[in-house]
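> Fold the stuff below for me.
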Amino acid sequence: MPAKKIAVVIGSLRKDSLNRKFAHEVIALAPPSLEFEIVEIGELAMYNQDLEENGAVAPQAWTHFRQRIKEVDGVLFFTPEYNRSVPAALKNAIDVGSRPYGSSVWSGKPTAIVSVSPGATGGFGANHHLRQSMVFLDMPLLQQPEAYIGGAANLLGPDGKINNDSTKQFLKKFIDTYAQWVETNGKK
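Below is the predicted model:
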């Protein structure tokens, strides 16, 4: 059976972000039943319905992003927490993918969320705020295990790799459970 294609959407735009580092670490722990592609969101213009109505052609970055999400079997989000919510770039990507109304590229794609933060709460607010959007977008969302990675900077060594066995074991359990979630809830 071919591997399921999973889009990895990282809410932090920083090249050296903690979320990006953890995304790579989770990908490395994943079973071979999943194949990952990081889908960048930094070039997406802020969503404005006027840019694709009344004969206007949607920005190329929007079209390319939507096509990439359409082609995958599931989505794995990594998000930091900004002011108890998700970063604007991530919310914008969600909005771009959900429009035009009735043509959402997100619908039916099994998803999971990992929130990564240097703070103690592990991005709890962002994680739950993003969960609200997933319900509306009709994305089957992995409920357990929930992944809140707090104190994240201390869990990575100078090489950017996880330096904590219990964190590595937890993330392995998380990604293995997500692989089963995709198999059970994905389109056949």
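
> confidence score at the residue nearest the centre of the chain?
Centroid-nearest residue in the chain: residue 77, 1.4 Å away (criterion: C-alpha atoms, centre = their mean). Predicted confidence (pLDDT) for residue 77: 98.

> what pairs with the strand or helix carrying it, and is each one parallel or antiparallel?
Using DSSP states H and E, residue 77 sits in strand 74-79. Paired with strand 74-79 in the same sheet, following DSSP bridges, are strand 4-10 (parallel), strand 111-116 (parallel).

> coming back round to it: quickly list what the residue nearest to the centre of the chain is bridged to.
According to DSSP bridges, the partner residues bridging residue 77 are residue 9, residue 113.

> Next up, the contacts around it.
9, 11, 90, 111, 112, 113, 114, 130 (C-beta atoms under 8 Å, 6 or more residues apart in numbering). Every C-beta, even on glycine, is put in place using the N, C-alpha and C of the backbone.

> ok so, going back, C-alpha coordinates for the strand holding residue 77, CSV please?
Extracted C-alpha coordinates of strand 74-79, given in CSV (Å, rounded to 0.1, in the frame of the first residue of the first chain):
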residue,chain,number,x,y,z
GLY,A,74,-3.9,14.5,5.6
VAL,A,75,-2.5,17.6,7.4
LEU,A,76,-0.2,17.9,10.4
PHE,A,77,-0.1,21.4,11.9
PHE,A,78,2.7,22.7,14.1
THR,A,79,2.0,26.0,15.8
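
> Adjust the sequence numbering to begin at 29 for everything that follows.
Understood, numbering begins at 29; the last thing we discussed is strand 102-107.

> following that strand, which helix or strand shows up next?
That would be, after strand 102-107 and using DSSP H and E, helix 116-126.

> how about that next one: buried residues?
For helix 116-126, a neighbour-count test (16 or more other C-beta atoms under 10 Å) marks 117, 118, 119, 120, 121, 122, 124, 125, 126 as buried.

> and the fifth one, how far is that from residue 86?
From residue 121 across to residue 86, the span is 14 Å (C-beta to C-beta, to the nearest Å).

> With the last one instead?
Plainly put, residue 126 is 13 Å away from residue 86 if you go by C-beta to C-beta.

> now do the second one
Distance, residue 118 to residue 86, using C-beta to C-beta: 19 Å.

> Likewise for the fourth one?
Summarising the geometry, the distance separating residue 120 from residue 86, computed by C-beta to C-beta, is 14 Å.

> pretty sure residue 80 is touching residue 128, no?
Yes - the criterion here is C-beta atoms under 8 Å, and residue 80 meets it with residue 128 at 6.5 Å.

> Just give the closest residue to residue 65, not the sequence neighbours.
Ranked by C-beta to C-beta, 6 or more residues apart in numbering and with sequence neighbours excluded, the top spatial neighbour of residue 65 is residue 35, at 5.9 Å.

> Backbone torsions only: list them for residue 173.
When quoted as degrees, to the nearest 10, the phi and psi of residue 173 stand at phi -80, psi 140.
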